[in-house]
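**Student:** missing the sequence, but the structure's below:
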C-alpha cells in the first residue's frame, strides 16, 4: 500500500470522492431540515440513502487501507480519534433521520429539535473534514519502525 | 509567475499560508466548499438522472445557491494555494487537467441554463427528466469527479511523473 504509488493514490482518491458524496447528501438533507427549500418532499429523499451507505462502505474500506499503510501515524494522533468520533456521531444522526424523520410526509417540519440535530450534523461533518485534513500535518510519529 | 507571487505576498496571503496552520485550514475550507457543491449541484444532477423520484427539481434547484457559495469558497482558497506556490501548480499537469474539467463543467452549465433548465423546472416530481437533461447531468457529475481526482493528484505527482503525455 505504502510503496505502490497507484494503490495509495487510488485509495486516497476513492476516500475523497466517497467523503464528498456522503457529506454532500448529508448537507442537502440538513439544509432542507433547517428550513431552506421547505417544499422539498422528505420521503423521496430516502432514495439517496442506498448511495449514501455505499459511500460509507467505500469510506470505511479506503480508510482502513490508508490506516494499514501508516498505522502508527494515525493511531498515535489524537486528531484521528476526533475524526472517528465525529464521523460516527454524524452517521448516527444520518441513520436517525433516515429511519424516523424521513418516514413522514411532514416530519414535524420546523421543529426546533430537528433543526438543532441538523445543525449539529453539519458541525460534526465540518469537524470530520478538518480533522481529516489536519491528520496529514499533526502526526508526531510517521512509522513505528523508528523506535526499533 | 512573479505577478501571482507578488499578489500573494502583498495581500498577506503568503504569510498566512506559510503560518503553521494556514495551509491545512485553507484545505479544510476547500473540501467543505466542494462538499457544498456536490451536495447541491451533484444531488440535482443525480435527480435528473432518476434518483430520488418524487423530489421536485424546481424545489431542489433552490439549494443550488449553497453550491455557488461553496464554489466561491473554493475559488478564494484555490487562489490562495495557486498564488502562494504558483510553480507547483502552473507546470503541474494535474492542475492543468483540473482547470480543463472546470472549464468543461462551466460550458456544460451555461448550456444547461440557456437551453434545458426551464423545461426541467416544470417537470412533474414523479417524472424523469428529458434525455438531454440526463446527458447534461452525467457530464456535470463526470466533470466534478474529474476535478476532485485531479485536485488530489496535484499534491501527489509534484513534479509530473510518467503519466503526463505533454510534459
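**Tutor:** Structure received. Model, not experiment: these values are computed from the prediction.
**Student:** Which strand or helix spans the residue most central in space within chain A?
**Tutor:** Among the residues of chain A, the one closest to the centroid is residue A:87, at 4.8 Å (CA atoms, centre = their mean). Residue A:87 is part of helix A:78-99 when elements are defined by DSSP states H and E.
**Student:** Please read off the pLDDT at residue A:72 from the model.
**Tutor:** Looking at residue A:72, its pLDDT is 87.
**Student:** returning to what we had before: buried stuff in the helix or strand following the helix holding residue A:87?
**Tutor:** Scanning forward in sequence from helix A:78-99 by DSSP H and E, the next helix or strand is helix A:112-138. Across helix A:112-138, burial judged by 16 or more other CB atoms under 10 Å in any protein chain shown covers A:114, A:117-118, A:121-122, A:124-135. Using the backbone N, CA and C atoms, a C-beta is placed for each residue, glycine as well.
**Student:** so for helix A:112-138, what's the average pLDDT?
**Tutor:** 93.
**Student:** Next one: it, is it in contact with chain B?
**Tutor:** Yes. Applying CB under 8 Å from any CB of the partner chain, one finds helix A:112-138 in contact with chain B at A:125-126, A:129-130, A:132-134, A:136-137.
**Student:** so which of the residues you listed comes closest to residue B:166?
**Tutor:** residue A:136 (29.2 Å; CB to CB).
**Student:** For the chain, which element, helix or strand, carries the lowest mean pLDDT?
**Tutor:** Since you didn't name a chain, this refers to chain A. helix A:71-75 (a mean of 87; mean pLDDT, DSSP states H and E).
**Student:** My question was about chain B, not that one.
**Tutor:** Going by mean pLDDT, DSSP H and E, chain B bottoms out at helix B:86-90, a mean of 89.
**Student:** now that one, how far from the centre of its chain.
**Tutor:** 19 Å (CA atoms, centre = their mean, to the nearest Å).
**Student:** And stretch B:80-92, by the same measure?
**Tutor:** 17 Å.
**Student:** Quickly note the distance from residue B:166 to residue A:32.
**Tutor:** Shown here: residue B:166 relative to residue A:32, a distance of 44 Å by CB to CB, to the nearest Å.
**Student:** scratch that, residue A:48
**Tutor:** Distance, residue A:48 to residue A:32, using CB to CB: 11 Å.
**Student:** Then residue B:124?
**Tutor:** 20 Å.
**Student:** ok, those two, which is more surrounded?
**Tutor:** residue A:32 (24 against 10; other CB atoms under 10 Å in any protein chain shown).
**Student:** pretty sure the more buried one is touching residue A:45, no?
**Tutor:** Yes. Here residue A:32 reaches residue A:45: they are 7.3 Å apart, a contact under CB atoms under 8 Å.
**Student:** Next secondary structure element downstream of the helix or strand residue A:21 falls within?
**Tutor:** Assigned by DSSP H and E, residue A:21 belongs to helix A:5-33. Once helix A:5-33 ends, the next helix or strand along the chain (criterion: DSSP H and E) is helix A:49-69.
**Student:** From the contact counts, what lies against that following helix?
**Tutor:** If contacts are counted by 3 or more CB pairs under 8 Å, 6 or more residues apart in numbering or on different chains; DSSP states H and E, helix A:49-69 sits against helix A:5-33, helix A:71-75, helix A:78-99.
**Student:** tell me which element residue B:128 falls in.
**Tutor:** Residue B:128 belongs to no helix or strand, assigned by DSSP H and E.
**Student:** Please consider this matter closed, and thank you.
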